[in-house]
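K.L.:
just the structure for this:
(one chain, ligands or ions: 1)
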Amino acid sequence: MCGIVGYLGGKDATDVLVHGLSKLEYRGYDSAGIAVPEDGKITIVKTKGRLKNLAEKLETEPAHGHLGIGHTRWATHGEPSDVNSHPHCSNNDRISVVHNGIIENYMEIKSWLADKSYTFLSETDTEVIPNLVDHYFEGCLLEAVINATQRLKGSYALGVISLDDPDKIIAVRKDSPLIIGLGENESFIASDVPAILNYTREVVYLDDMEFAEITGSGIRYYNANMESVEKSSTTITWNADSAEKGGYDHFTIKEIHEQPKALRDTMTSRIVAGQKVKLDDITITREMLESYSRIYIVACGTAYNAGVVGKTAIESLSKIPVEVDVASEFRYRDPIIDSRTLLIVISQSGETADTLAVLRDSKKKGARVIAITNVVGSSVAREATDVFYTWAGPEIGVASTKAYLTMLIAVYTIALHFAELLGTMTDEETDAIKKEMLLLPDKVSKVIEQKESIQKFALKIHGEKDVFFIGRGLDYAVAIEAALKLKELTYIHADAYPGGELKHGPIALIEKNTSVLASLTQRSLLDKMHSNLKEVTSRGAKVMVVTYESNKTVDSFVDTAVHIPETIDLLAPVLAVVPMQLLSYYVCSFKGLDVDKPRNLAKSVTVE
Ligand code: F6R
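P.N.:
The predicted structure follows:
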């Protein structure tokens, strides 16, 4: 996720672009840059780090003009650095591009362009675009951009400028947001409304594969056949603050709604039906895998909870035993680590002190380390041997939601990769899982549609002091994450137990109106879980259950049943956890607590 802006009009473009980027920093903040044509050349000022670094750089390297494009980045391809920052230019410095999205086939285009003598400076997927536009350029920028986009696979919102078809911005989008702002004698492009609200409230929402040609005399819209398209504008009535949250009340609920996209992005180019898993940044071979005597997954908090799912995924697909541990425990328990150890660390931020300490210590002892992280260029990413970047985009809400779901995709993908390397599954078996994974984004959207019934249950339990979560197998992994979410967002004491453990103690706490939440997705364990539910309902517990659409058995004896779409049991946590996230969010809102910044918590725990 990145933010792009563009401006054409009577104001100083740099001021408008920097202001716009400041409103889009929530979309990415690891580097920023602008491109402004000036005296026959495109001046590009860009730098690693927050926007204030760009503002400082602009004081010594000013850029002035009436037209320009800008970008604030959340790295996916290539670490945050000056050279990887946007805007990117064609080799001849005549075309410049800002891009939000992921170009899936950039490697293929890069080598095609390299054969035509184009060279590349950055590690980004984006740099192919200005060169591709240059390749097709014959005097009309719109035509060149249309031709270039025919070659691109993936998602993109683009702002493109050229010195040879000057005083013009071409904008286009596919699966990434882009709006056009209509001012008086001035026009804007932006990834989101807040970037332009200071100047105008009239916007046009581009649809996929619609192109806007913005010139001083107005804006024309086209489809991919270069036929003219009529667009109407909308007047924005929200205020700037709520607009930054895309109309949602809080970042946390916005991020819950972003999960289908986060899943899609994380699978992009890695999971393709009928093809082997592709993991560019993991170079482990079959021989190496066979040489490992043990695999550890180590992490903290929600990332640890994803690791619990990872253990089952790797063991069941690739048949290698896996131990999963909390980083702050692992580092002090003198674990057996040597060159036959493979360590997988999971960390959204990539900066968690305990996780980083485990990584460093294990590497010193000879272990190979795979990092799963959401932050490109983070300490964990830099120091690990191999990296799997989750492409969830920046997570602003302190309680992790979309990052957790993408961590699950990461562990499934790695498990499939290991299975393919070791040959523990047939192609048909791995393909069946990949096809199901690709359906998950739409299924998560369906789960989110059920928010009303979850909200009603939240209202029933928001006054509680204690809530119990139960599940068996992977449903226990869902239960521990659900309990953590409820604790941190609502300050209600929540405990998670394996269903079978109830009668070994916790059932003593169940009485009339105790709240019990259960996840029931593991088909071989459904009957056993039904029995556990009977044990608590017969003692008067209020129960909410998350289970498959086909499991109507529970409807008759629980308070609320949230039915999720069918999937294979291994993947069910991706769907089952979503109602639990929503429940915590709604309880938190009913209690009037600070959803995005729960008390005593920090987004990145860089101290022990
Ligand atoms: C819970 C949460 C924390 C983090 C934990 C690890 O919602 O966000 O439990 O999961 O602090 O953080 P990372 O993943 O950045 O290492």
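K.L.:
hey, let's count contacts and neighbours off CA atoms from now on
P.N.:
Will do.
K.L.:
tell me the contacts of the residue nearest the centre of the chain?
P.N.:
Central residue of the chain (Cα atoms, centre = their mean): residue 392, 0.9 Å from the mean position. Shown in contact with residue 392 (Cα atoms under 8 Å, 6 or more residues apart in numbering): 1, 259, 261-263, 265-266, 374, 402-403, 406.
K.L.:
can you pull out the helices in the stretch 501-608 of the chain?
P.N.:
526-537, 572-590 (DSSP state H, counting those that start in this stretch).
K.L.:
anything in the longest one near the ligand?
P.N.:
Same thing as helix 572-590. No - applying Cα under 6 Å from any ligand atom, one finds helix 572-590 separated from the ligand by no less than 10.0 Å.
K.L.:
quick revisit: now, which of the contacts of residue 392 lie within helices?
P.N.:
Of these, the ones assigned to helices by DSSP state H are 259, 261-263, 265-266, 402-403, 406.
K.L.:
those residues of the stretch 151-300 of the chain touching the ligand, which are they?
P.N.:
Counting by Cα under 6 Å from any ligand atom, the stretch 151-300 of the chain sits next to the ligand at residue 300.
K.L.:
I'd assumed residue 380 was in contact with residue 356.
P.N.:
Yes - contact criterion Cα atoms under 8 Å: residue 356 and residue 380 qualify, at 6.1 Å.
K.L.:
which of those two has more neighbours?
P.N.:
Taking neighbours as other Cα atoms under 10 Å, residue 356 and residue 380 compare with residue 380 leading, 30 against 25.
K.L.:
host element of the more buried one?
P.N.:
When elements are assigned from DSSP states H and E, residue 380 belongs to helix 379-383.
K.L.:
what does the stretch 301-450 of the chain put close to the ligand?
P.N.:
Near the ligand, when you scan the stretch 301-450 of the chain using Cα under 6 Å from any ligand atom, you find 301-303, 347-350, 352, 398-400.
K.L.:
now those as JSON lines including pLDDT and neighbour count?
P.N.:
Below are those laid out as JSON lines (pLDDT from 0 to 100; neighbours: other Cα atoms under 10 Å):
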{"residue": "301", "pLDDT": "97", "neighbour count": "16"}
{"residue": "302", "pLDDT": "98", "neighbour count": "23"}
{"residue": "303", "pLDDT": "98", "neighbour count": "26"}
{"residue": "347", "pLDDT": "97", "neighbour count": "30"}
{"residue": "348", "pLDDT": "95", "neighbour count": "29"}
{"residue": "349", "pLDDT": "91", "neighbour count": "23"}
{"residue": "350", "pLDDT": "92", "neighbour count": "25"}
{"residue": "352", "pLDDT": "93", "neighbour count": "22"}
{"residue": "398", "pLDDT": "91", "neighbour count": "19"}
{"residue": "399", "pLDDT": "95", "neighbour count": "25"}
{"residue": "400", "pLDDT": "97", "neighbour count": "21"}
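K.L.:
JSON lines for these, including secondary structure?
P.N.:
Compiled in JSON lines, these are given as follows (DSSP: H, G, I helix; E, B strand; the rest coil):
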{"residue": "301", "secondary structure": "helix"}
{"residue": "302", "secondary structure": "helix"}
{"residue": "303", "secondary structure": "helix"}
{"residue": "347", "secondary structure": "strand"}
{"residue": "348", "secondary structure": "coil"}
{"residue": "349", "secondary structure": "coil"}
{"residue": "350", "secondary structure": "coil"}
{"residue": "352", "secondary structure": "coil"}
{"residue": "398", "secondary structure": "coil"}
{"residue": "399", "secondary structure": "coil"}
{"residue": "400", "secondary structure": "coil"}
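K.L.:
any idea which of those residues is closest to residue 516?
P.N.:
Set against residue 516, the nearest of those by Cα to Cα is residue 302 (20.8 Å).
K.L.:
nearest to the ligand: which residue in the stretch 451-600 of the chain?
P.N.:
At 6.0 Å from the ligand, residue 485 is the closest residue in the stretch 451-600 of the chain, using Cα to the nearest ligand atom.
K.L.:
about what we covered before: what's the closest of the contacts of residue 392 to residue 321?
P.N.:
Checking those one by one against residue 321 (Cα to Cα), the nearest turns out to be residue 406, at 22.8 Å.
K.L.:
the closest one against residue 264, yeah?
P.N.:
No - contact between residue 406 and residue 264 fails when scored by Cα under 8 Å: they sit 9.1 Å apart.
K.L.:
residue boundaries of the strands in the stretch 401-550 of the chain?
P.N.:
466-471, 493-498, 515-520, 542-548 (DSSP state E, counting those that start in this stretch).
K.L.:
just give me the neighbour total for residue 248.
P.N.:
Residue 248 has 15 nearby residues by other Cα under 10 Å.
K.L.:
got phi/psi on it?
P.N.:
phi -80, psi 160 (degrees, to the nearest 10).
K.L.:
skipping adjacent residues, who's closest to it in space?
P.N.:
Distances taken as Cα to Cα, 6 or more residues apart in numbering place residue 254 nearest to residue 248, at 5.8 Å, with adjacent residues excluded.
K.L.:
OK, contacts around the one you found?
P.N.:
245-246, 248 are the contacts of residue 254 under Cα under 8 Å, 6+ apart.
K.L.:
roughly how far apart are residue 196 and the ligand?
P.N.:
Note on residue 196: its distance to the ligand, by Cα to the nearest ligand atom, to the nearest Å, is 32 Å.
K.L.:
with residue 261 instead?
P.N.:
19 Å.
K.L.:
does that residue really touch residue 442, like I thought?
P.N.:
No - with contact defined as Cα under 8 Å, residue 261 does not count as touching residue 442 (9.3 Å).
K.L.:
give me the more crowded residue out of these two.
P.N.:
residue 261 (22 against 16).
K.L.:
shared neighbours of residue 356 and residue 380, which are they?
P.N.:
residue 350.
K.L.:
ok, now which ones touch residue 378?
P.N.:
Residue 378 sits in contact with 349-351, where contact means Cα under 8 Å, 6+ apart.
K.L.:
for those, which one is nearest residue 290?
P.N.:
The closest of these, once distances to residue 290 are taken by Cα to Cα, is residue 350, at 27.8 Å.
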